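A.B. asks: Here is my input, please return the structure:
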Amino acid sequence: MKRLAVSGMAAMMLFFGGCGDENLDEEISVLTQRYGLTGDPAEGRDIPSVTDPKAELGMKLFYSKHLGLDMDVACVSCHHPYLGGGDALSLPIGVEAVDPEVVGPGRLHKDTGKSYYDGGPTVPRNTPSTFNAALFDRTQFWDARIESITPVKGANGSVGSLLVPGNSDYDRILWANGEVSNLPAAQANFPVTSPQEMRGFDHPSLTTKDAVRDYLVERLRGANGNSDLNASALSAWLQAFREGFSDPTADAATLITRKNITDAIAEYERSQLFVDNPWNRYLNGERSAISDEAKRGAILFFSSYEEGGANCVQCHKGDFFTDEQLHVMAVPQIGRGKNHDGTTEDYGRENVSLDEEDRYRFRTPTLLNVEVTGPWGHDGAFVTLEAMVKHMLKPETAADYDPNTLFQDGILVQCEDTKSNTQHALEQLERNRASGVSPHRSVDFGDEEVRQIVAFLKTLTDPCVKERSCLQKWVPDYDTNESKLLDLLEAKL
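C.D. replies: Numbers count the residues shown, from 1 in each chain. Next up is the predicted model:
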């Protein structure tokens, strides 16, 4: 194992026997005690079961194309449990898919339509996983445009008010706790209003986000003259809401509300708790739960720069492995871009704050189950976990990034400005380092150290997320009349 300058704890361990296998557990113990790790990020949290009535209703809403304004897309089109709670694409394809039932790498965009199709995907950022949604306390989205004003550990954003976008990302409004129950519920309000994700480009009279949300409520109720659904479908939705909210006699106006819809979706997402991983078992005394290679990777991960480590823990903090803060890490810029000035760059948090100092800042993702949540980066620029780790160790290598490593159909047409745009992000990172804004340093680790860190990251994978039989409870039963009436998307994977 290659090490840099060693001091402090690492020097002590070397003095009392070096880095031999017999000392790995002791060294990890010192590090994990330093950071107060227990292996259980869900301790003290209220986590629903997927069999709870409200979560079961949420699953039906999550899979239903009735929440796509043009009824050609569902939440699950980009967030499937079998695909790590995402879509296994660098950049998503929401509305106007060639085959709306196809989810994952085979999903293609029509070469006709109204979404400014250029040959590649139309959504500019990688799909975040819905797994462990119940563990976030501060923010949602890559640019944290939904954020808790008074974050409380373990509350999942359920205490106090949330700051959310108005009719644009930078038009900020407050939602009180009575309007929305938690961070996942707040997030569920927004994909349905994004033209590329779920809104589509018809219904020009719906000029605000609230107008779209209200229309969808009216659709499920059959209210205000909305006749998108037939009487059988409306009856099925009313029955589903009665069961979900354990109120067998309430009418549609009482039960089918915006808050109830997003609360139910949130409960389904919050039920996707996957934290029973080898690292958890290791920290609870099962020393053989992870390999010696992974143990060496853990030491690199948690050790400071001065101790010869990668200091990943400075941002991937705690048992949830994220500080939920935003940082510039200069992930190569691919895709259509997302900004307020019409270029092909993604400005990240600046799109929310309109502060140039926030340019290229993105939220630290959790590393739980990271093995199955690729491609990685805010735009899915890296298609292997090894490549993502190498970038994080030394972002300067992004100057030589090769988009030809991408596998997604049509995406290269959106990479013509990748080199120059990535260089701009690298320059911002260097400015942040020079000014002390960024604590990140580059380290010269070789392939062996990268393999060790990747081996450690794989110990954060709950085995359930790799087994369809285990994940089946988060997929609805399609062999029912109800599933047909609710138009549940039966994904072709």
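A.B. asks: So which bits of stretch 163-177 are buried?
C.D. replies: Within stretch 163-177, the residues that qualify as buried are 163-165, 169, 175, counting by 16 or more other C-beta atoms under 10 Å. Just so you know, the C-beta spots here come from the backbone N, C-alpha and C atoms, and that holds for glycine as well.
A.B. asks: One more: stretch 472-488?
C.D. replies: For stretch 472-488, using 16+ other C-beta under 10 Å, the buried residues are 474-476, 482-483, 485-488.
A.B. asks: Report the contact partners of residue 52.
C.D. replies: 267, 271 (C-beta atoms under 8 Å, 6 or more residues apart in numbering).
A.B. asks: So that it lines up with my notes, have the first residue be 359 from now on.
C.D. replies: Let's use 359 as the start, then, which means that last one is residue 410.
A.B. asks: Tell me the pLDDT of it.
C.D. replies: You'll see residue 410 listed with a pLDDT of 98.
A.B. asks: same thing with the one 3 residues further on?
C.D. replies: Turning to residue 413, the model gives it a pLDDT of 98.
A.B. asks: Not counting its neighbours along the chain, what's nearest it?
C.D. replies: Of all residues not flanking residue 413 in the chain, residue 625 sits nearest, at 4.3 Å (C-beta to C-beta, 6 or more residues apart in numbering).
A.B. asks: thinking again about what came up before, which members of the buried residues of stretch 830-846 define the maximum pairwise distance?
C.D. replies: Across the buried residues of stretch 830-846, no pair lies farther apart than 832 and 843, at 20.8 Å, counting by C-beta to C-beta.
A.B. asks: and stretch 718-733, how far apart are its ends?
C.D. replies: For stretch 718-733, the first-to-last residue distance is 19 Å (C-alpha to C-alpha, to the nearest Å).
A.B. asks: What ranges does the stretch 459-608 of the chain have for its strands?
C.D. replies: 497-498, 504-506, 520-523, 530-533 (DSSP state E, counting those that start in this stretch).
A.B. asks: Just put those in CSV and tack on distance to residue 828.
C.D. replies: Conversion of the strands of the stretch 459-608 of the chain to CSV gives the following (distance: least, C-beta to C-beta, whole Å):
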stretch, distance to residue 828
strand 497-498, 26
strand 504-506, 30
strand 520-523, 32
strand 530-533, 35
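A.B. asks: burial measure for residue 464, as a count.
C.D. replies: Applying other C-beta atoms under 10 Å, we find 14 other residues in the vicinity of residue 464.
A.B. asks: if I pick it, what's in contact with it?
C.D. replies: The contact partners of residue 464, taken as C-beta under 8 Å, 6+ apart, are residue 850.
A.B. asks: got a pLDDT number for it?
C.D. replies: Looking at residue 464, its pLDDT is 95.
A.B. asks: and it, how far is that from residue 641?
C.D. replies: Distance of residue 464 to residue 641, computed by C-beta to C-beta, to the nearest Å: 39 Å.
A.B. asks: ok so, going back, can you lay out the strands of the stretch 459-608 of the chain as a markdown table showing mean pLDDT and distance to residue 445?
C.D. replies: Formatted as a markdown table, these follow (pLDDT from 0 to 100; distance: least, C-beta to C-beta, whole Å):
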| stretch | mean pLDDT | distance to residue 445 |
| --- | --- | --- |
| strand 497-498 | 98 | 18 |
| strand 504-506 | 97 | 20 |
| strand 520-523 | 97 | 23 |
| strand 530-533 | 96 | 27 |
